[in-house]
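In: whatever this is, show me its structure:
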Amino acid sequence: MNFEPARHALVEQPLPAWRRAVLKVGSNLLAADGGGLTPRYAEALAAFIDVSRDEGREVILVSSGAVAAGRALLRQHVPPGSDLAARQALAALGQAPMIALWQSLSTRPVAQVLLTHDDLRNRRRYLNARVTLRELLTLDVLAVVNENDTVAVDELKLGDNDNLAAIVAALVDADLLLIASDIDALYSADPRLDPTARPMAHVDAVTPEILAMAGGTGSSVGTGGMRTKLEAAAKAAAAGIPTALFSGRDDVAVGALGRGYLRGTLFAAGGTRMQARKYWLRHAPAAPGCIRVDAGAARALASGRASLLPGGVLEVAGEFHRGDLVEIVDAADRPVARGLCQYGAAEVRRLSGRHSRDIEHILGYSYGAEVVHRDDLATLAQAETAGERSA
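Out: Residues are numbered from 1 along each chain as shown. Sure, this is the predicted structure:
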């Protein structure tokens, strides 16, 4: 990790190459001084998203601000520091103005996606969220993800949209996590209290010593702080995703992002993104049973660049559900790959040997043309390499 003297401003450093990023924006960048929401800082961030889109990149937004917006609408009825039930009601009330703010600043349609951590721990709901976000990207829609505060009791207590952003980054196979804060970098101590605090341009790993540098909540309207940002960076690093922390209040820093540079702190990834994902797919417990495939499908899957289509399926053994991790074997029961199945065992049996275009006719619905998408599949016949990544 590199330290920079406090008397020197942070210098620009190149951002890691990225095609898809998750941008987290906190309440402290959206809340107006007199209550409600303001586009003051959001405008530059929305412009960055548009510039990225014009350059062929994709950005998913994780936005806080619903509680602050709801409180402004009911200022006379809800006292500051109100209990959990009131905060949940404020979150429900504030979702509409928060989404309206981003829609007013976006040149493309905006979609709201509400998630809880439990949605992302449950494999079937995880896959549903993944498919939805992927389709929104395909449709060139700006997805604005937020925690479903209205029902997520434990998550609302934690208030960690920072951690949610890291989970979403792993969910959508992002190349980069961007965290817009009200502070320009990670410092060796709280710079508001310690004049000798030094900004850190690069952090190799989020160690206990680094976590000890975290202060408390930076704003009265937000519920996160530097610690949750460090926790998010650690989660992203474990998934092979670097994290860039910068000031969303600094137009120069936000403008630098559009040029591929960071004025802030870069947290390194722990290996490559796909190394982390493929490792999990290879070693996580699989559901009982397996999918047997023909020789052509086995060869295609072994290349690491193909999805499993219904036409290559010979038969299904055992029972599993949509979203379960399933073993794929060849006709001689030799392991070929493992992946997250987009259909349950009974559905795959009905689709066995058929063309993808027949899925909706056979089932009456479709979750996609693939039984297992290549992004959710890891081969077992070849060693994991640093160059592995999804298409």
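In: only C-alpha atoms for contact and neighbour calcs from this point on.
Out: Will do.
In: what secondary structure does Ala111 sit in?
Out: At Ala111, secondary structure determined by DSSP: H, G, I helix; E, B strand; the rest coil is strand.
In: who's in contact with it?
Out: 136, 141-144 (CA atoms under 8 Å, 6 or more residues apart in numbering).
In: for Ile99, which non-adjacent residue is spatially closest?
Out: Gln112 (7.0 Å; CA to CA, 6 or more residues apart in numbering).
In: from the contacts of Ala111, which land in strands?
Out: Of those, the ones assigned to strands by DSSP state E are 142-144.
In: ranking those by neighbours, who comes first?
Out: Using other CA atoms under 10 Å as the neighbour criterion, Leu142 leads the ones in strands among the contacts of Ala111 with 25 neighbours.
In: now that residue, nearest residue through space, not along the chain?
Out: Per CA to CA, 6+ apart, closest to Leu142 is Val110, 4.7 Å.
In: next up, the contacts around that neighbour.
Out: Counted by CA under 8 Å, 6+ apart, Val110 has contacts 99, 102-103, 141-144.
In: which one of the residues you listed is nearest Thr265?
Out: The nearest member of these to Thr265, counting by CA to CA, is Val144 at 24.2 Å.
In: my read: the closest one touches Leu115, true?
Out: No. Applying CA atoms under 8 Å as the test, Val144 and Leu115 come out as separate, 10.7 Å apart.
In: for this protein, give me the ranges with low pLDDT.
Out: Segments of the chain classed as low confidence (criterion: pLDDT under 70) are 1-9, 75-84, 117-118, 121-123, 149-159, 215-224, 273-274, 381-391.
In: and the gap between the residue nearest to Ile99 and Ala96?
Out: Counting by CA to CA, to the nearest Å, the gap from Gln112 to Ala96 is 9 Å.
In: re earlier: report the beta-bridge partners for the residue nearest to Ile99.
Out: Applying DSSP bridges to Gln112 gives these bridge partners: Val144.
In: then Leu186?
Out: Under the criterion used here (DSSP bridges), Leu186 is bridged to Met200.
In: okay, now it: neighbour count?
Out: By other CA under 10 Å, the residues close to Leu186 number 27.
In: just the strands from the stretch 201-350 of the chain, written as ranges.
Out: 243-247, 261-262, 264-267, 290-293, 313-317, 325-329, 335-340 (DSSP state E, counting those that start in this stretch).
In: select, out of those, the one closest to Arg53.
Out: The nearest among these, by CA to CA, is strand 261-262 at 16.6 Å.
In: what strands line up against whatever helix or strand Leu23 lives in, and which way round?
Out: In the assignment (DSSP states H and E), Leu23 maps to strand 20-25. With DSSP bridges as the test, strand 20-25 is paired with strand 58-63 (parallel), strand 176-181 (parallel).
In: quick check: what element follows that strand along the chain?
Out: Next along from strand 20-25, by DSSP H and E: helix 42-54.
In: give me the angle between that following helix and strand 20-25.
Out: 180 degrees (axes from the mean of the first three to the mean of the last three CA atoms, to 10 degrees).
In: so what touches helix 42-54?
Out: The contact list for helix 42-54 (CA under 8 Å, 6+ apart) reads 29-30, 58-59, 102, 105-107, 248, 251, 254-255, 257-258.
In: swap in stretch 119-134?
Out: With CA under 8 Å, 6+ apart, stretch 119-134 has contacts from 143, 167, 171-172, 321-324, 342.
In: number of nearby residues for Gly34?
Out: Neighbours of Gly34 (other CA under 10 Å): 8.
In: Ala72 versus that one, what's the distance?
Out: Relative to Ala72, Gly34 is positioned 8 Å away (CA to CA).
In: likewise His202?
Out: His202 is 38 Å from Ala72, by CA to CA.
In: dump the strands of the stretch 201-350 of the chain to JSON lines, plus mean neighbour count and distance to Ala185.
Out: Putting those into JSON lines (neighbours: other CA atoms under 10 Å; distance: least, CA to CA, whole Å) gives the following:
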{"stretch": "strand 243-247", "mean neighbour count": "25", "distance to Ala185": "6"}
{"stretch": "strand 261-262", "mean neighbour count": "21", "distance to Ala185": "10"}
{"stretch": "strand 264-267", "mean neighbour count": "26", "distance to Ala185": "5"}
{"stretch": "strand 290-293", "mean neighbour count": "26", "distance to Ala185": "48"}
{"stretch": "strand 313-317", "mean neighbour count": "19", "distance to Ala185": "51"}
{"stretch": "strand 325-329", "mean neighbour count": "25", "distance to Ala185": "39"}
{"stretch": "strand 335-340", "mean neighbour count": "24", "distance to Ala185": "37"}
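In: and the helices in the stretch 201-350 of the chain?
Out: For the stretch 201-350 of the chain, the helices defined by DSSP state H, counting those that start in this stretch cover 208-211, 226-238, 251-258, 273-283, 295-302, 345-351.
In: dump those helices into JSON lines; add mean neighbour count and distance to Arg338 as well.
Out: Formatted as JSON lines, the helices of the stretch 201-350 of the chain follow (neighbours: other CA under 10 Å; distance: least, CA to CA, whole Å):
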{"stretch": "helix 208-211", "mean neighbour count": "12", "distance to Arg338": "35"}
{"stretch": "helix 226-238", "mean neighbour count": "24", "distance to Arg338": "20"}
{"stretch": "helix 251-258", "mean neighbour count": "18", "distance to Arg338": "37"}
{"stretch": "helix 273-283", "mean neighbour count": "20", "distance to Arg338": "6"}
{"stretch": "helix 295-302", "mean neighbour count": "18", "distance to Arg338": "10"}
{"stretch": "helix 345-351", "mean neighbour count": "19", "distance to Arg338": "15"}
